[in-house]
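**Q** Predicted structure and sequence below. I'll ask about it afterward.
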Amino acid sequence: NNTPIDDNSDNSNNDLPQDSNPKPFVLKSYSQLDDVTSCNPNMWYVEKYVAVGIVNWLLAGAGVGKSLFMVQIAVSVATGTKVGFLPDDSLIPPKKRVVFYRIEVFENEYLGKYGDVKIISESGILWRDRNDLTTPDFKGLIDDLKLLVENTNEETLVCIDPISKYTDFDADKFADEVEKLMARAKEKGFHLTFLCSAHLDELSSWKRVTSENIKTT
């Protein structure tokens, strides 16, 4: 081959694709973000508190009213009525199926807080106590949630109160399992939404916070 070589030519970029229409560099305002759902009623069960199709968390210390807060949300969604703690002009939840897992059970708990319990008994909420599960541990909860998904095709809000009651609770395992369950529900044609309460680790004001106290899910 006697083809002359041009030592001054640089062919290193000849094989790279040439973008004749590069994507412009544009900074967005908040309202232009792809995931902004603001007041779209199809994306909220409870505006700014419980979004559809994800795992929502209710976190607080012990004895401050997490269960009351969750039951109020559950009743509002199950009945499609206004949430009492939101402003009058807020979105009214769409009436949806609610399944409530009571992981911490106290005898006659609701009788002391809701009088004759009519507001709860007539709401249509469906219940599972910890003792209803095949095994009362964290694995039993996951197994029961799998049965729940396979036995319905209806849009469902699942309330779990409190999930931190399980001494064998594994946040990574839970995130992995519910992601699969939500994908399975979507495959069957409906949204599966979670609202889970959990106790925060409580420290005395004088104690130093370390990496041991900072957890993620």
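**A** That came in fine, so what should we check first?
**Q** show me the contacts for Ile163.
**A** Ile163 makes contact with Ile103, Leu141, Phe169, Phe174, Cys196, Ser197, Ala198, according to Cβ atoms under 8 Å, 6 or more residues apart in numbering. Yep, even glycine has a C-beta here, placed from its N, CA and C like the rest.
**Q** Ok, Leu59 next?
**A** Leu59 neighbours (Cβ under 8 Å, 6+ apart): Ser197, Ala198, His199, Leu200.
**Q** and the gap between the second one and Asn56?
**A** Put plainly, it is Ala198. To Asn56, Ala198 is 11 Å away according to Cβ to Cβ, to the nearest Å.
**Q** before we move on, what about Ile142?
**A** 18 Å.
**Q** Need the residues that contact stretch 51-58.
**A** Residues outside stretch 51-58 that contact it (Cβ under 8 Å, 6+ apart): 37, 42-45, 49-50, 66, 69-70, 175, 178, 182, 186, 191-198, 217.
**Q** Which of those residues fall within helices?
**A** Counting by DSSP state H, those place Lys66, Phe69, Met70, Ala175, Val178, Met182, Lys186 in helices.
**Q** residue ranges with poor pLDDT in this protein?
**A** For the chain, the stretches with pLDDT under 70 are 1-20, 31, 34-42, 108-116, 201-217.
**Q** So in it, which strand runs the longest?
**A** For the chain, the strand with the greatest residue count under DSSP state E is strand 192-199.
**Q** Ends of stretch 150-167, what's the gap?
**A** With Cα to Cα, to the nearest Å as the measure, the ends of stretch 150-167 fall 27 Å from one another.
**Q** Roughly how far does Ile160 sit from Pro136?
**A** 14 Å.
**Q** So which of the two has more stuff around it?
**A** Ile160 (26 against 14; other Cβ atoms under 10 Å).
**Q** what helices or strands is whichever strand or helix holds that one leaning on?
**A** Using DSSP states H and E, Ile160 sits in strand 156-161. Packing partners of strand 156-161 (3 or more Cβ pairs under 8 Å, 6 or more residues apart in numbering; DSSP states H and E): helix 66-79, strand 97-102, helix 138-150, strand 192-199.
**Q** Including distance to Phe85 and mean neighbour count, could those go into CSV?
**A** Listed next are these as CSV, based on distance: least, Cβ to Cβ, whole Å; neighbours: other Cβ atoms under 10 Å:
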stretch, distance to Phe85, mean neighbour count
helix 66-79, 7, 20
strand 97-102, 17, 21
helix 138-150, 28, 17
strand 192-199, 14, 22
